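Novice: I would like to see how this sequence folds:
(chains A and B)
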Number of protein chains: 2
Amino acid sequence: MANIRDIAKMAGVSVTTVSRVLNNHPYVSAEKVSAVIEAMKKYNYHRNINAVHLSKGKTFLVGVVVPFSNHPYFGLLLEGIATAALENNYKLVLIQTNYEEDKELEALKMLEDKQIDALIICSRICEWNLIEGCSANGPIVLCEDARDKRVSSTFIDHYKSFTMALNFLYKKGHTKIGYTIGRQSGTNSKQRDAAYKDFLKRHTFSYEPGYIFSGCFNFEDGDQVVEKLLQMKNRPTALLVTSDQVAAGIVTRCREQGILVPENLAIMSFDNQPISKVMHITTLEIPLVEVGKKLFGQAMKGEHVSHEEIPVRFIERQTV
Amino acid sequence: MANIRDIAKMAGVSVTTVSRVLNNHPYVSAEKVSAVIEAMKKYNYHRNINAVHLSKGKTFLVGVVVPFSNHPYFGLLLEGIATAALENNYKLVLIQTNYEEDKELEALKMLEDKQIDALIICSRICEWNLIEGCSANGPIVLCEDARDKRVSSTFIDHYKSFTMALNFLYKKGHTKIGYTIGRQSGTNSKQRDAAYKDFLKRHTFSYEPGYIFSGCFNFEDGDQVVEKLLQMKNRPTALLVTSDQVAAGIVTRCREQGILVPENLAIMSFDNQPISKVMHITTLEIPLVEVGKKLFGQAMKGEHVSHEEIPVRFIERQTV
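Specialist: Presented below is the predicted three-dimensional model:
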């Protein structure tokens, strides 16, 4: 395919002029525009989809921002989004951010540049004002409670579900409860922390900073949780674990260390991924594939902003 | 964004003419071309990336074909591809096929239409002649042995690794060995089947069609394998399982049914995903993230076709 220099040469104009034509700059003469187009015709031997998109104003691409491609939580969301995309003849542009803000900004830029028709952000790092500022460029959909924002959302009420889990552990006799979390800064994490602090306040339990384990995403992260527990004098008797992967890691490590689950440590997990079934882990099911499908549906709704809360389901197994 | 009708109306030409201009059709007058461009300028308030791509001949997008987004095998490949894409400032267009040929053809069409710069096919359904026929449109990279083809590939020698696993089971005293597989029609599956049949021939063991369990992709599929085993009079004493997920499902179901692993049934798995560690499953490690990175690297090499074999690693645990 020809580049901008080839076209400039062929059209007998400067590269700047070609750029101006392509960027719809107002100060280019009709002759030059015509010459550039002629040159592009010569070089572009067949139908170029980018030209077609230029005319239709649609790319049939939806951007999906995920921090990691491989984590089962995002894998399940992605499966739901991809299934809905398939049914609607859309393709997905996957933007893996590793929680780097730059990458999320690039995704927002793609929407502004009409490279995608809509953007689904599965886990956000940018500030709200940045995201809302881009909402005029096309549909943006988030997987967190955004009921007070100018973008659509499908979400779990993490305050409610965390409270539900804490109350369940309390009824089972636990008063020293800790929790594990991925990032502490995300909206979902903040909701969970608020539920945790409100629970402590309600029961006048004291807040133990050591009971909160952050940076827990994967199976392997369960190891460090158990290592820290082993070094504690006043250990929690129960943990809320915000990912089945981490819960599976904790249960495995506990077995190796002779910590009985649930007798010495109760584990209440989230997601209900297949691994929780294998390990007989008590968990709160979050129907991630369904959430993914709903996120895509909202991305298709254009400027119509909507919000949908997805209920969680309690699945009792053997770790509490 | 304006559509083709708006542009036609504004330019005072027919929709066909606009389409011709955008598709670089030869028989359009310079005046009409100019009018169309002027109309596009009026409607297109700012820089349109599709126009920029049209000039640069590059989209900074690489297409990735996967049958499923959620399966851990493809999740790990995708993680490797996405990590390499991130480092190279590329984004990925995810094309989930569910093994429908139409969807794979659409992905090949995207390459032809210059909507992506290269295409990585993680698991193929189209015939080779179709794929090779598209290789002139841009780099195509496959995750299977394609040493005799005009496309690049990063692959595992599945004949060799299956033979290695079979020999290991034979040395452990097993003579009645079966295997589970996803699709029977894929290249990797055919290589595995050839290794299996050659192994039987070498030892003059008879071929038992009931010892081959197809359609095994996920954890849940382990259930039906054990159900079938329970109904067999002459059961295999060992199974090669081509996915850790399926192996984990089989081991779990065996426990529930009182089938001792490895005493009553030895399990030799593939991949070395975290779940195989939890379940202490003996497995052949396939470094999928590394494979993914290499696939992306080959996609960046343009017309240079290369082939790379990735060695597997034997990980002995407790199921053989």
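Novice: what does the stretch 101-250 of chain A put close to chain B?
Specialist: On the criterion CB under 8 Å from any CB of the partner chain, chain B has as its neighbours in the stretch 101-250 of chain A the residues A:103, A:106, A:110, A:112-115, A:218-220, A:245, A:248-249. In this view, the C-beta of every residue, glycine as well, is placed from N, C-alpha and C.
Novice: Next, count neighbours for A:Thr180.
Specialist: Counted with other CB atoms under 10 Å in any protein chain shown, residues neighbouring A:Thr180 total 26.
Novice: what's near enough to touch it?
Specialist: Neighbour list for A:Thr180: A:212-214, A:216, A:221, A:225, A:239-243, A:246, A:250 [criterion: CB atoms under 8 Å, 6 or more residues apart in numbering or on different chains].
Novice: what does A:Thr187 give?
Specialist: The neighbours of A:Thr187, taking CB under 8 Å, 6+ apart as the test, are A:Arg124, A:Glu144, A:Asp145.
Novice: which one of those sits closest to chain B?
Specialist: The closest of the contacts of A:Thr187 to chain B turns out to be A:Arg124 (CB to the nearest CB; 17.5 Å).
Novice: Does the closest one touch A:Leu130 like I think?
Specialist: No - between A:Arg124 and A:Leu130 there is no contact under CB atoms under 8 Å: 9.6 Å.
Novice: And for stretch A:81-89, what's in contact with it?
Specialist: Against stretch A:81-89 from outside (CB under 8 Å, 6+ apart): A:60, A:62, A:64, A:91-92, A:120, A:289, A:292-293, A:295-297, A:300, B:69, B:94, B:96, B:98, B:103.
Novice: please redo it, this time with the cut-off set to 6 Å
Specialist: Residues lying outside stretch A:81-89 but in contact with it, judged by CB atoms under 6 Å, 6 or more residues apart in numbering or on different chains, are A:Val64, A:Leu92, A:Gly292, A:Lys293, A:Leu295, A:Phe296, B:Ser69, B:Gln96.
Novice: Tell me the one of these nearest B:Lys171?
Specialist: Nearest to B:Lys171 among those, counting by CB to CB, is B:Ser69 at 38.8 Å.
Novice: circling back: just the buried members of the residues of the stretch 101-250 of chain A next to chain B?
Specialist: Of the members of these, the ones counted as buried by neighbours, 16 or more other CB atoms under 10 Å in any protein chain shown, are A:Lys103, A:Glu106, A:Met110, A:Glu112, A:Asp113, A:Lys114, A:Gln115, A:Asn218, A:Phe219, A:Gln245, A:Ala248, A:Gly249.
Novice: Domain map for chain A?
Specialist: Structural domains annotated on chain A: A:4-46, A:61-156+A:289-311, A:158-285, as defined by automatic domain parsing.
Novice: I'd like those domains as a markdown table, with mean pLDDT and distance to B:Val312 appended.
Specialist: Compiled in a markdown table, the domains of chain A are given as follows (pLDDT from 0 to 100; distance: least, CB to CB, whole Å):
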| stretch | mean pLDDT | distance to B:Val312 |
| --- | --- | --- |
| domain A:4-46 | 75 | 42 |
| domain A:61-156+A:289-311 | 93 | 20 |
| domain A:158-285 | 94 | 21 |
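Novice: nearest to B:Gln257, of those domains?
Specialist: With CB to CB, the closest approach to B:Gln257 among the domains of chain A belongs to domain A:158-285: 14.9 Å.
Novice: mind checking the end-to-end distance for the closest one?
Specialist: In terms of CA to CA, to the nearest Å, the two terminal residues of domain A:158-285 are separated by 12 Å.
Novice: need the contact list for A:Met110.
Specialist: Shown here is A:Met110, whose contacts under the criterion CB under 6 Å, 6+ apart are A:Gly63, A:Ile116.
Novice: how about the strand or helix carrying it as PDB, C-alpha atoms only?
Specialist: Using DSSP states H and E, A:Met110 maps to helix A:101-112. Taking only C-alpha atoms (Å, rounded to 0.1, in the frame of the first residue of the first chain), the coordinates of helix A:101-112 have been written out as PDB:
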ATOM      1  CA  GLU A 101      -3.300   5.300  32.000                       C
ATOM      2  CA  ASP A 102      -1.600   6.100  28.700                       C
ATOM      3  CA  LYS A 103      -3.100   3.000  27.100                       C
ATOM      4  CA  GLU A 104      -6.600   3.800  28.300                       C
ATOM      5  CA  LEU A 105      -6.200   7.300  26.900                       C
ATOM      6  CA  GLU A 106      -5.200   5.700  23.600                       C
ATOM      7  CA  ALA A 107      -8.400   3.700  23.600                       C
ATOM      8  CA  LEU A 108     -10.400   6.900  24.200                       C
ATOM      9  CA  LYS A 109      -8.500   8.500  21.300                       C
ATOM     10  CA  MET A 110      -9.500   5.600  19.100                       C
ATOM     11  CA  LEU A 111     -13.100   6.500  19.800                       C
ATOM     12  CA  GLU A 112     -12.500  10.200  19.100                       C
END
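Novice: So what are the sheet partners of the helix or strand that that helix is followed by and their directions?
Specialist: Taking DSSP H and E as the definition, the helix or strand that follows helix A:101-112 towards the C-terminus is strand A:118-121. Taking DSSP bridges as the criterion, strand A:118-121 pairs within the sheet with strand A:61-66 (parallel), strand A:140-142 (parallel).
Novice: Report the buried residues of the following helix or strand past the longest one.
Specialist: Read that as strand A:61-66. Heading C-terminal from strand A:61-66, the first helix or strand you meet, by DSSP H and E, is helix A:72-87. Neighbour-count burial for helix A:72-87, counted by 16+ other CB under 10 Å, picks out A:72-86.
Novice: for A:Lys201, helix, strand, or coil?
Specialist: helix (DSSP: H, G, I helix; E, B strand; the rest coil).
Novice: and if you look at A:Lys233?
Specialist: Following three-state DSSP, the label given to A:Lys233 is coil.
Novice: How many neighbouring residues does it have?
Specialist: Other residues near A:Lys233 number 5, with proximity taken as other CB under 10 Å.
Novice: ok, now the one 4 residues further on?
Specialist: Counted by other CB under 10 Å, the residues lying close to A:Thr237 total 17.
Novice: now it: how far from chain B?
Specialist: Using CB to the nearest CB, to the nearest Å, one obtains 24 Å as the distance from A:Thr237 to chain B.
Novice: That residue and A:Gly178 touch, don't they?
Specialist: No - under the criterion of CB atoms under 6 Å, A:Thr237 is not in contact with A:Gly178, lying 9.1 Å apart.
Novice: Columns mean neighbour count and distance to B:Val320 on top of the strands paired with strand A:118-121, output as a markdown table?
Specialist: What follows is the strands paired with strand A:118-121, written out as a markdown table (neighbours: other CB atoms under 10 Å in any protein chain shown; distance: least, CB to CB, whole Å):
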| stretch | mean neighbour count | distance to B:Val320 |
| --- | --- | --- |
| strand A:61-66 | 27 | 36 |
| strand A:140-142 | 27 | 47 |
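Novice: now the nearest residue to A:Asn167 once chain neighbours are set aside: how far from A:Arg192?
Specialist: With sequence-adjacent residues excluded and distances taken as CB to CB, 6 or more residues apart in numbering or on different chains, A:Asn167 is closest to A:Phe199, at 7.7 Å. A:Phe199 is 11 Å from A:Arg192, where distance means CB to CB, to the nearest Å.
Novice: ok, A:Gly222 - contacts?
Specialist: For A:Gly222, the residues meeting the contact criterion (CB under 6 Å, 6+ apart) are A:Val246, A:Gly249, A:Ile250, A:Arg253.
Novice: State the phi and psi torsions of the residue lying closest to it once chain neighbours are set aside.
Specialist: Nearest residue to A:Gly222, sequence neighbours excluded (CB to CB, 6+ apart): A:Gly249, at 2.2 Å. With angles defined as degrees, to the nearest 10, A:Gly249 shows backbone torsions of phi -60, psi -40.
Novice: In terms of helices and strands, where is A:Met268?
Specialist: Using DSSP H and E, A:Met268 sits within strand A:266-271.
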